[in-house]
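J.: can you look at this prediction? I've put the sequence above it.
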Amino acid sequence: MHELGITRNIVAIVGDAALGRRVVRITLEIGARAGVQPAAIAFCFDVVARGTAVEGAVLDIVALAGDELLIKEVELEEVS
Amino acid sequence: MCGSCGCNDDSPSAIHRFVRALHMPAPDRITLSLEAKLLAKNDALAAHNRTWFHERGIVALNLVSSPGAGKTTLLVRTIRDLQRTGSIYVIEGDQETSRDAERIRETGAPAVQLNTGTGCHLDAAMIARGLDELRPAARGLVLIENVGNLVCPALFDLGERAKVAILSVTEGDDKPLKYPHMFRAAQLVLLNKIDLLPHVEFDIAAATARARQVNPEITVLCVSARTGEGMAAWYRWIEDCSHPGHSA
């Protein structure tokens, strides 16, 4: 279950980038040869995100063919 | 009067608040392009380890297999056969206990045990901590026994020269197809326990073909860590790793 650690990474990286803004959507790219189960990431995400800036964000996982494993982009709500 | 729903602003009801929320302009949303590699932190630490090994002329090998493939027995045999030719150090990874490190220390080789607890693999930060404790001498050989697991250790670069997968003949000869990530990540497969071949249905040719199917570059060697058969070829492979110009 290395997906749990990877999901913690996602939440930490996005939380740092958000600078206090609410995170609406996170887009991940996961390749078929990355050795990571998208379903397991999605499963861990809700639990890991709880109580963080990322809680409630939509997780979009784009399936690719190679060994990609990255956070492509995040959508944030600007503080007015 | 409320411009959103027409109700009296003086007595805002729950419905009023709800409707007004619907009519409020959506907060500005911005999209940040992150392009953040999820294993970037581990990869950076692994690169640091790799430089550290390179500067000291140390060869580090990452031994991976399912539990029970004979990694520790292979290490003990390797150390006993090679320790006169140079210094060998071992980093042992297991979820619990220091039993493997104790087996290694009986050979006289320095060993540190890393316990990953619930973790399913070693990572580059653990190796850096292990090296702090182990302090291998220049031009030594560092053998890293990863947690018994054919899945997760494939993903985590430790800074090693090569991953060596050990597959024993008491397992299925279709393992390379079932766990392709690991066999793709490895440069060498040791088919271990070949002394048991008369007693098991394991097809060496099929296992070799399947390993090459997922990784055409992979080297396959047949060994028995118990009897010593085939071990000389493994030792030559380690020796070749130490030569400059060996592809990493």
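T.: Structure's in. What do you need?

J.: so B:Glu160 sits against B:Ala60, correct?
T.: Yes. Here B:Glu160 reaches B:Ala60: they are 4.6 Å apart, a contact under Cβ atoms under 8 Å. (Each C-beta comes from the backbone N, C-alpha and C, glycine too.)

J.: common neighbours of the two, please.
T.: B:Ile144 (Cβ atoms under 8 Å, 6 or more residues apart in numbering or on different chains).

J.: residues in chain A within reach of chain B, list them.
T.: Taking Cβ under 8 Å from any Cβ of the partner chain, the part of chain A that reaches chain B is made up of A:1-2, A:5-6, A:9-10, A:13-14, A:17, A:24, A:33-36, A:69-78, A:80.

J.: at 7 Å instead, please
T.: Residues of chain A lying near chain B by Cβ under 7 Å from any Cβ of the partner chain: A:1-2, A:6, A:9-10, A:13, A:17, A:24, A:35, A:69-78, A:80.

J.: so which of those sit within helices?
T.: A:His2, A:Ile6, A:Asn9, A:Ile10, A:Ile13, A:Ala17 (DSSP state H).

J.: so what's the spatially most central residue of chain A up against?
T.: Among the residues of chain A, the one closest to the centroid is A:Ile10, at 4.6 Å (Cα atoms, centre = their mean). For A:Ile10, the contacting residues are A:Ile26, A:Ile71, B:Leu38, by Cβ atoms under 7 Å, 6 or more residues apart in numbering or on different chains.

J.: ok, the first one touching A:Ile13?
T.: The one in question is A:Ile26. No. Checked against Cβ atoms under 7 Å, the pair A:Ile26 and A:Ile13 is beyond contact range at 9.6 Å.

J.: who's more crowded, the two?
T.: A:Ile26 (24 against 21; other Cβ atoms under 10 Å in any protein chain shown).

J.: what's the weakest-modelled helix or strand in chain B?
T.: helix B:14-23 (a mean of 59; mean pLDDT, DSSP states H and E).

J.: can you pull the buried residues of whatever helix or strand comes next after that one?
T.: Note on helix B:14-23: by DSSP states H and E, the next helix or strand toward the C-terminus is strand B:29-37. Within strand B:29-37, the residues scored as buried using 16 or more other Cβ atoms under 10 Å in any protein chain shown are B:Leu32, B:Leu34, B:Ala36, B:Lys37.

J.: within reach of chain A, which of these are there?
T.: Near chain A, by the rule Cβ under 7 Å from any Cβ, you find B:Leu32, B:Leu34, B:Ala36, B:Lys37 out of those.

J.: spatially nearest residue to the third one (excluding sequence neighbours)?
T.: Yep, that's B:Ala36 we're talking about. A:Ile71 (4.4 Å; Cβ to Cβ, 6 or more residues apart in numbering or on different chains).

J.: likewise the second one?
T.: Leaving out its chain neighbours, the residue that sits closest to B:Leu34 by Cβ to Cβ, 6+ apart is A:Ile71, at 4.7 Å.

J.: what's the local residue count around that neighbour?
T.: Neighbours of A:Ile71 using other Cβ under 10 Å come to 21.

J.: for B:Val220, name its beta-bridge partners.
T.: B:Val189 (DSSP bridges).

J.: gap between it and B:Ile166?
T.: 12 Å (Cβ to Cβ, to the nearest Å).

J.: compare these two (neighbour count), which wins?
T.: Counted by other Cβ under 10 Å, B:Val220 and B:Ile166 do not tie: B:Ile166 has more neighbours, with 25 against 17.

J.: so who does the nearest residue to B:Thr227 once chain neighbours are set aside touch?
T.: Once flanking residues are discounted, B:Thr227 sits nearest to B:Asp195: 4.8 Å by Cβ to Cβ, 6+ apart. B:Asp195 sits next to B:Ser224, B:Arg226, B:Thr227, B:Glu229 when contact means Cβ under 7 Å, 6+ apart.

J.: from those residues, which is closest to chain A?
T.: B:Ser224 (30.3 Å; Cβ to the nearest Cβ).

J.: check whether the helix or strand encompassing B:Ala128 contacts chain A.
T.: In this assignment (DSSP H and E), B:Ala128 forms part of helix B:124-134. No. Judged by Cβ under 7 Å from any Cβ, helix B:124-134 stays clear of chain A, getting no closer than 11.4 Å.
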